[in-house]
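Asks: structure of the sequence below:
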Amino acid sequence: MKTQELATKWQNIDWSANEQALAKMQQEIALEAWEKNFSTVRHLQKQLVNSLQAKTLAVRHVCESKSQPGIDNVIWETDSDKMTAAITLNPPDYVAQPSRLT
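Replies: As a prediction, this is how the structure comes out:
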C-alpha cells in the first residue's frame, strides 16, 4: 500500500468499534475458560492476537504513552508509520527482542 493510503486507513479507524470488538472477544475467551473449553480458548486467543483491531489498538496505546523507543530505537510518528506497524506486527518469523531498561 502507498503511504497516503496507509495514513488514510489509520485516520478512518473507528476506535470505539475496535474497543467494543476487542472487549467482546475477551468476554468470549473468559466465558470459554469458565466453561473449561480450553481448546476453544486457545483458538480464540490466537484469533484475538492476530486480529487487526488488537494490533491497531496496541500501536495506538504505545504511541499515545509517549514512552521512549524500545531496543530497536524506532518511534512511529506518522499515521502511515503506525498503520504499517500494526499490519506488520507479529509476522511468522518474528523473534521478540529483550526490552530496554532505562
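
Asks: what about E28, how many neighbours?
Replies: When neighbours are counted by other C-beta atoms under 10 Å, E28 registers 15. No exception for glycine: its C-beta is placed from N, CA and C like everyone else's.

Asks: for this protein, what are the low-confidence residue spans?
Replies: For the chain, the stretches flagged by pLDDT under 70 are 91-92, 94-97, 99-102.

Asks: now the helices: where do they sit in it?
Replies: Under the criterion DSSP state H, helices of the chain are mapped to 3-11, 15-34, 38-49, 52-64, 79-88.

Asks: give the contact list for the residue nearest to N18 when sequence neighbours are not counted.
Replies: Leaving aside its chain neighbours, N18 sits nearest to Q53 (4.3 Å; criterion: C-beta to C-beta, 6 or more residues apart in numbering). Counting by C-beta atoms under 8 Å, 6 or more residues apart in numbering, Q53 makes contact with N18, A21, L22.

Asks: same question for K55.
Replies: Contacts for K55 were tallied using C-beta under 8 Å, 6+ apart; they are A86, I87, L89, N90.

Asks: do that again at 7 Å, thanks
Replies: A86, L89 (C-beta atoms under 7 Å, 6 or more residues apart in numbering).

Asks: and it, how far from A86?
Replies: 4 Å (C-beta to C-beta, to the nearest Å).

Asks: one step back: okay, the helices of the chain in JSON lines with distance to G70 next?
Replies: Listed next are the helices of the chain as JSON lines, based on distance: least, C-beta to C-beta, whole Å:
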{"stretch": "helix 3-11", "distance to G70": "20"}
{"stretch": "helix 15-34", "distance to G70": "23"}
{"stretch": "helix 38-49", "distance to G70": "19"}
{"stretch": "helix 52-64", "distance to G70": "9"}
{"stretch": "helix 79-88", "distance to G70": "12"}
